[in-house]
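**Q** after the sequence you'll find the predicted model.
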Amino acid sequence: MHFDKAQLPPVSAFWSLTMYDADGFQVANRINHFAIGDGDALKYYVSSPWLTYGTLTLDENTGDYVYTSYGTNDGYNILYEEAFTVVVTDGHYTTTGTIYVQTYVDPYSLAW
């Protein structure tokens, strides 16, 4: 995965990537480099489909995603944050990315 400096993921808080082997352990290597190589056939899927305040559409071949919030900035709703995890695999190695998005939520729908 490569991001040009001006094309970092559009998230409102932070994002993280972690690479695991087939047994679920972080991958160690002699050059301390954690990346899936360019040109690998990659598949993308969401491992945390429990979104509450919106919907997510993910293209499994490109990794392009669209998060659509149920709420709007109508003056009554409040800004809230929710997250989802995207998994990328080449069949041998797996990388996960947790993406945090801001959405507008009816404050009365939140569990306090």
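**A** All right, it came through fine.

**Q** all strands of this protein, in order?
**A** 16-20, 43-46, 54-58, 65-69, 78-89, 94-105 (DSSP state E).

**Q** how far does stretch 64-80 stretch from start to finish?
**A** Start-to-end span of stretch 64-80 (CA to CA, to the nearest Å) is 23 Å.

**Q** buried stuff in that stretch?
**A** By neighbour count on 16 or more other CB atoms under 10 Å, the buried set for stretch 64-80 is Tyr67, Ser69, Gly71, Asn77, Tyr80. C-beta coordinates here come from the backbone N, C-alpha and C atoms, glycine included.

**Q** now for those: which two are most distant?
**A** Tyr67 and Asn77 (16.0 Å; CB to CB).

**Q** what's around the nearest residue to Tyr44 once chain neighbours are set aside, how many residues?
**A** Counting by CB to CB, 6 or more residues apart in numbering, Tyr44 lies nearest to Gly63, which is 4.2 Å off, once chain neighbours are set aside. When counting by other CB atoms under 10 Å, one arrives at 15 neighbours for Gly63.

**Q** contacting residues around Gly63?
**A** For Gly63, the contact set (CB atoms under 8 Å, 6 or more residues apart in numbering) comprises Leu42, Tyr44, Val86, Val88.
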